[in-house]
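Peer 1: quick one, structure for this:
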Amino acid sequence: MRFGSDRGMKIDQGQHIVVVGAALGGVTGMVKIAKDWPCELPATVLVALAAQSMPPTSVLEMLRGYSPVSVSYPEPDEILEPRRIYLSPPHRHLVVGAGGLLKVDDGSAFDGARPSINRLFASAAAAYGRRVIGIILSGDTRDGAQGMLDIEAAGGVGIVQTPDDAAEPKMPMHTVQHGHPRYCVKAADIAPLVRSLMCNARKQGGFAGP
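Peer 2: Reported below is the predicted structural model:
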């Protein structure tokens, strides 16, 4: 089922966003995406990243060193800005709220994953509908498949890192099997693919069907 979900919201109707989910081994994939990111595109990138093996500040500085656009943690109720990459603060959920505001919360003790990829993807689909690209990278959980379904149902596009290209294939494999992404490619090919998809989408007002 496809649905329009930005009715009544003060959102730039030409803006597209990219949401990324990554866990164990996902930093390597994010670096490959960041270093080739098409900075000329007025897109916003939101990343739910659970990288327990690395200090959060190290991850932030590493991505800043490779990315041609600004990389930061979001401020409370910050409005999405184009040409920026926002990382989820350590162990906190990052979601898109009404009007394109970024929300950060602690969730509950019963959360299976923190940050939750599913929550980020679902909120992006609800706010931006067919102007969302969802990306799943390496990880050792099953998070993200439901969120990918939400994005595809809203008319957006799902991309997953090829499992044999991932340091930890569990999350990409689960998403391939249950999230039905439109594309399955190596991490090094994701940024060029996003550029192609977004250039076409900006002409058409959204992503074309498969």
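
Peer 1: now the top helix by length along the chain, how far from the chain's geometric center?
Peer 2: Longest helix in the chain by number of residues, with DSSP state H as the criterion: helix 190-204. Distance, stretch centre to chain centre, for helix 190-204: 15 Å (Cα atoms, centre = their mean, to the nearest Å).

Peer 1: what do you get for stretch 117-131?
Peer 2: For stretch 117-131, the distance to the chain centre is 9 Å (Cα atoms, centre = their mean).

Peer 1: using PDB, write out every CA atom in it.
Peer 2: Output of stretch 117-131 as PDB, limited to C-alpha atoms (Å, rounded to 0.1, in the frame of the first residue of the first chain):
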ATOM      1  CA  ILE A 117      16.700   1.600  12.900                       C
ATOM      2  CA  ASN A 118      13.100   0.700  12.600                       C
ATOM      3  CA  ARG A 119      11.900   3.800  14.500                       C
ATOM      4  CA  LEU A 120      14.100   6.100  12.400                       C
ATOM      5  CA  PHE A 121      13.000   4.500   9.100                       C
ATOM      6  CA  ALA A 122       9.300   4.500  10.100                       C
ATOM      7  CA  SER A 123       9.300   8.100  11.200                       C
ATOM      8  CA  ALA A 124      11.100   9.200   8.000                       C
ATOM      9  CA  ALA A 125       8.500   7.300   5.900                       C
ATOM     10  CA  ALA A 126       5.700   9.000   7.800                       C
ATOM     11  CA  ALA A 127       7.100  12.500   7.300                       C
ATOM     12  CA  TYR A 128       8.600  12.300   3.800                       C
ATOM     13  CA  GLY A 129       6.800   9.500   2.100                       C
ATOM     14  CA  ARG A 130       8.200   8.900  -1.400                       C
ATOM     15  CA  ARG A 131      11.100  11.200  -0.900                       C
END
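
Peer 1: now the longest helix of the chain: average pLDDT?
Peer 2: For helix 190-204, mean pLDDT rounds to 85.

Peer 1: and it, what does it pack onto?
Peer 2: strand 16-22, helix 26-35, strand 132-136, strand 157-161 (3 or more Cβ pairs under 8 Å, 6 or more residues apart in numbering; DSSP states H and E). To be clear about C-beta, it is placed using only N, CA and C from the backbone, and glycine gets the same treatment.

Peer 1: could you redo the last one with a cut-off of 7 Å?
Peer 2: Secondary-structure packing of helix 190-204 (3 or more Cβ pairs under 7 Å, 6 or more residues apart in numbering; DSSP states H and E): strand 16-22, strand 132-136, strand 157-161.

Peer 1: can you list the strands that the first one pairs with?
Peer 2: So the one you mean is strand 16-22. Using DSSP bridges, the strands paired with strand 16-22 are strand 43-49 (parallel), strand 132-136 (parallel).

Peer 1: give me whichever of the helices and strands packed on helix 190-204 is most buried.
Peer 2: Highest mean neighbour count among those (mean count of other Cβ atoms under 10 Å): strand 132-136, with a mean of 31.
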